[in-house]
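1. Sequence and computational prediction follow.
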2 protein chains.
Amino acid sequence: MRIAELSRRSGVPVPTIKYYLREGLLPAGELTSPNQARYSDDHLHRLRLVRAMVELGGLSIAAVREVLGALDDPEKSLHKAMGTISAAVAPADLGSEDEVAHEQVAAFLERQGWVCRPTSYAYKALVGVLATAREVGHERFADMLDGFAAAARPLAEADLGYVLGAGSKDEALEAVVVGTVLGDAAMAAVRALARRELSGVRQAEETPTQPCSNP
Amino acid sequence: MRIAELSRRSGVPVPTIKYYLREGLLPAGELTSPNQARYSDDHLHRLRLVRAMVELGGLSIAAVREVLGALDDPEKSLHKAMGTISAAVAPADLGSEDEVAHEQVAAFLERQGWVCRPTSYAYKALVGVLATAREVGHERFADMLDGFAAAARPLAEADLGYVLGAGSKDEALEAVVVGTVLGDAAMAAVRALARRELSGVRQAEETPTQPCSNP
DNA sequence: ACTATCGGATAGTTACAGTATCCATGCTGA
DNA sequence: TCAGCATGGATACTGTAACTATCCGATAGT
């Protein structure tokens, strides 16, 4: 197909597709003549993936490029891809440093029986969050960590299950991306639902409407 | 204190503080004369909160204003504050619509025994995510929802526990904000740690370093 | 042959989040 | 006391990110 059809089938304007091509988010089409190119279904699929990351995941173009680089890496270490994607999804700012926060993270890891180098991205991110919490006067925030861990275990199991259910290595890598980027968005929504349920706010509010299901 | 001290103690440049004042993220200082104002510790605290939301939470100025509006609302319904904050943290784009996605969400809610109107933000967000997943050829993604719910329950308990541990109504509202905004960042880090543990990647990588703890 | 479309390059636009400059006034230390 | 630096407030500017528009010569399909 040519660029107009790619645009029509994906819903992305032609100039934006050209922009993505320039930015290296899409591989160039196959040239049939010096100034005509043909695009495949792979291009369409990749384009949809890019839009999902940009629109739903809120990733920057640079972050998307990073993630796609991990996808296309011939080494294809699943583990490294996960790291790359976690870092790309997170905000660039890791927050401040703080000795107490450092100790809180170390104690937390010990409690959970988890091992991790203090140089890793996740470790530093966690220290940054705790340090920031202390800055705004929320020392108590560190108490939530074990609750987060209790939530993270089933989450990680769902993640892994999804990835292992993929047919091929390429599919597994893409499953990491989709599971992380869309998973974050879905998790935020499910979290809001769970909170709403737990806080017992089931009764109709100011606008009583038909509930969506009634067990 | 005056603006220079506010700047020094928060680490935020004076012009940025003026910008936040203009944007209504900070209340005006108490005027001691037509062109002199005094700022309190409350201003400092609020300023730190704003920076935490902007830098760690990645919220836009408009989203921060929204959240602060919920904080300052004299009605102070904890439940509504949660909704406002969940919506502010999420990306603006809800994704596409899709009949199948709609049904998947309804079935999921029924399985979980959760009740929720299809007009609510969380419901629509979830439909958007599933529709997008289907667009990129990941019908299987819906299978993760129950795993997400299993994770969301302890998460919501941690959230609620944190909020209920607050001393006053004002503190509880702020706990919602901190628990959500910093909680999201912390959860992303903990999720990455859990995934790393579960996938059994404990052995030192290319740069063998001292692990941070050794149970 | 002719006209719409294509690819590629370059330039322009919009929104956001600050920064910088001005100015009239206030405070402060020699 | 008064010179000079800081302040509050208004306005204008900057930089970056993510597109969007225009132009061009070269096909493609009829």
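-> Thanks, I have the structure now.
2. how much space between the residue most central in space within chain A and DNA strand C?
-> Closest residue to the average C-alpha location of chain A: residue A:181 at 2.8 Å, with C-alpha atoms, centre = their mean. From residue A:181 over to DNA strand C the distance is 21 Å, taken as C-beta to the nearest atom of the strand, to the nearest Å. All C-beta spots, glycine's among them, are computed from the backbone N, C-alpha and C.
3. For that residue, give me its contacts.
-> A:52-53, A:56-57, A:59, A:67, A:85, A:89 (C-beta atoms under 8 Å, 6 or more residues apart in numbering or on different chains).
4. mind running it again at 6 Å?
-> Contact analysis of residue A:181 by C-beta atoms under 6 Å, 6 or more residues apart in numbering or on different chains lists A:53, A:57.
5. and it, what helix or strand is that in?
-> Using DSSP states H and E, residue A:181 falls within helix A:169-198.
6. is DNA strand D contacted by that helix?
-> No - judged by C-beta under 7 Å from any atom of the strand, helix A:169-198 stays clear of DNA strand D, getting no closer than 14.2 Å.
7. Would you mark the buried spots in that helix?
-> A:171-197 (16 or more other C-beta atoms under 10 Å in any protein chain shown).
8. what's downstream of the lowest-mean-pLDDT helix or strand in chain A, the next helix or strand?
-> Using mean pLDDT, DSSP states H and E, helix A:78-89 stands out as the lowest-scoring helix or strand of chain A, at a mean of 87. For helix A:78-89, the following helix or strand on the C-terminal side (DSSP H and E) is helix A:99-112.
9. Restricting to C-alpha, output that following helix in PDB.
-> Provided in PDB are the C-alpha atoms of helix A:99-112 (Å, rounded to 0.1, in the frame of the first residue of the first chain):
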ATOM      1  CA  GLU A  99      19.900   9.000  53.300                       C
ATOM      2  CA  VAL A 100      16.800   8.000  55.200                       C
ATOM      3  CA  ALA A 101      15.000   7.100  52.000                       C
ATOM      4  CA  HIS A 102      17.900   5.000  51.000                       C
ATOM      5  CA  GLU A 103      17.600   3.000  54.200                       C
ATOM      6  CA  GLN A 104      13.900   2.600  53.900                       C
ATOM      7  CA  VAL A 105      14.300   1.100  50.500                       C
ATOM      8  CA  ALA A 106      17.000  -1.300  51.700                       C
ATOM      9  CA  ALA A 107      14.900  -2.400  54.600                       C
ATOM     10  CA  PHE A 108      11.900  -2.900  52.300                       C
ATOM     11  CA  LEU A 109      13.900  -5.100  50.000                       C
ATOM     12  CA  GLU A 110      15.200  -7.100  52.800                       C
ATOM     13  CA  ARG A 111      11.700  -7.600  54.200                       C
ATOM     14  CA  GLN A 112      10.500  -8.800  50.800                       C
END
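10. Can you list the helices and strands that whatever helix or strand residue A:62 lives in packs against?
-> For residue A:62, the host element (DSSP H and E) is helix A:61-72. Contacts defined by 3 or more C-beta pairs under 6 Å, 6 or more residues apart in numbering or on different chains; DSSP states H and E place helix A:61-72 against helix A:78-89.
11. And residue A:213, what's its pLDDT?
-> Model confidence at residue A:213, given as pLDDT, is 32.
12. Work out for me the element the spatially closest residue to residue A:151 that is not a sequence neighbour sits within.
-> Among residues not flanking residue A:151 along the chain, residue B:155 sits closest, at 3.9 Å (C-beta to C-beta, 6 or more residues apart in numbering or on different chains). Using DSSP H and E, residue B:155 maps to helix B:145-164.
13. Could you do residue A:37 as well?
-> Using DSSP H and E, residue A:37 falls in strand A:36-38.
14. near DNA strand C at all, the next helix or strand after that strand?
-> The helix or strand immediately downstream of strand A:36-38 is helix A:41-51, counting by DSSP H and E. No - legend: contact between helix A:41-51 and DNA strand C by C-beta under 7 Å from any atom of the strand is lacking; minimum distance shown is 10.2 Å.
15. centre of the chain versus helix A:41-51, how much separation?
-> 17 Å (C-alpha atoms, centre = their mean, to the nearest Å).
16. The helix holding residue A:62 and DNA strand C, are they touching?
-> No - applying C-beta under 7 Å from any atom of the strand, one finds helix A:61-72 separated from DNA strand C by no less than 13.1 Å.
17. Against residue B:198, how distant is residue A:28?
-> In this view, residue A:28 and residue B:198 are 39 Å apart by C-beta to C-beta, to the nearest Å.
18. and residue A:67, what does it touch?
-> By C-beta under 6 Å, 6+ apart, the contact set of residue A:67 is A:85, A:88, A:177.
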